[in-house]
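K.L.:
Give me a model of this one.
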Amino acid sequence: MDAAVVTELRGQRIVRVLRAAFAAYGLVALLWIPLRNVGSDDFSTADYLSYFTIESNILAVVVLLIGAIRDPQSRRWQLFRGATTLYMVITGIVYAVLLANVDVMLQDGWINTALHRLLPLVLLVDWVLAPSRVPISDAQSLGWLIFPAVYGAYSLIRGPIVDWYPYPFLDPRNQGYVQLAVTAVVLLPAMALMALAVNAVGRLGARRRYGEDR
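P.N.:
Reported below is the predicted structural model:
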């Protein structure tokens, strides 16, 4: 067998093993707090699952696990994978800029590091080093913003019902709806730029690895 082929196969095995390891790590981090608080009156599973961090990390674990087992190359899967990478990038950047000193129910240092710092980096590195073979247009990457938009609407609808909001910048009780709208005007273009950037670095990774003009 050609040496280049052998090297490629070995590299793919290493990527799959690492994906499986980080999927397991992420799963433990996600389950640790709910399992520890089973039966506690101070813990709400619904609130826990209503954090964008938790939802994006659940998707990340799914992407890593399926990537480790099957590594699909279909357009639909790569779009899902790219979207999940974007959500993890958003998680990491928004946490660093807006939430580093805010209690978001992740008081354990290692869990906070795993979900807000390490796994976002892992997803981005995986997207660049093992990029999609299927070209993704800028318009398709902007479509990834549908989920954050739906999440924002969900949080604002659910908030008054349960008297709880996952993040201060989504809470109109103290800042008012005008400031909330200003925040949205800032965040939405920023997220659009993040989507385009994630797609761009994926294309660069594909050009480097596959030698194709994208």
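K.L.:
list the contacts for Leu18?
P.N.:
Not one residue lies near Leu18 by C-beta atoms under 8 Å, 6 or more residues apart in numbering. C-beta here means a position set from N, CA and C on the backbone, and glycine is covered the same way.
K.L.:
How much space separates it from Gly82?
P.N.:
Plainly put, Leu18 is 19 Å away from Gly82 if you go by C-beta to C-beta, to the nearest Å.
K.L.:
Work out for me the element Thr85 sits within.
P.N.:
Following DSSP states H and E, one finds Thr85 within helix 75-94.
K.L.:
Flag the shaky bits of this protein, pLDDT-wise.
P.N.:
Within the chain, the ranges that satisfy pLDDT under 70 run 1-10, 103-105, 212-214.
K.L.:
so the helix of greatest length in the chain versus helix 75-94, what angle?
P.N.:
As assigned by DSSP state H, the longest helix anywhere in the chain is helix 172-210. Compare the direction of helix 172-210 with that of helix 75-94 by axes from the mean of the first three to the mean of the last three C-alpha atoms, to 10 degrees and you get 130 degrees.
K.L.:
other SSEs contacting helix 172-210?
P.N.:
Judged by 3 or more C-beta pairs under 8 Å, 6 or more residues apart in numbering; DSSP states H and E, helix 172-210 is in contact with helix 75-94, helix 119-129, helix 138-142, helix 146-162.
K.L.:
wait, which of those helices is closest to Val38?
P.N.:
Of all the helices and strands packed on helix 172-210, it is helix 146-162 that lies closest to Val38, at 20.3 Å by C-beta to C-beta.
K.L.:
elements contacting that closest one?
P.N.:
If contacts are counted by 3+ C-beta pairs under 8 Å, 6+ apart, helix 146-162 sits against helix 52-69, helix 75-94, helix 172-210.
K.L.:
In CSV, list the helices and strands packed on helix 172-210 along with distance to Ala192 and mean neighbour count.
P.N.:
CSV is the format used below for these (distance: least, C-beta to C-beta, whole Å; neighbours: other C-beta atoms under 10 Å):
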stretch, distance to Ala192, mean neighbour count
helix 75-94, 10, 21
helix 119-129, 17, 20
helix 138-142, 6, 15
helix 146-162, 10, 14
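K.L.:
Ok, which of the ones you listed comes nearest Asp47?
P.N.:
Among the helices and strands packed on helix 172-210, helix 146-162 comes nearest to Asp47, with 7.6 Å by C-beta to C-beta.
K.L.:
Let me know the angle separating the closest one from helix 75-94.
P.N.:
Using the same axes, to 10 degrees: helix 146-162 against helix 75-94 is 60 degrees.
K.L.:
Quick one: residues in contact with helix 146-162.
P.N.:
Helix 146-162 is touched from outside by 46-47, 50, 52, 55, 83, 87, 90, 165-167, 170-172, 184, 188, 191, with contacts defined as C-beta under 8 Å, 6+ apart.
K.L.:
Now restrict the residues you listed to buried residues only.
P.N.:
50, 52, 55, 83, 87, 90, 165-167, 170, 191 (16 or more other C-beta atoms under 10 Å).
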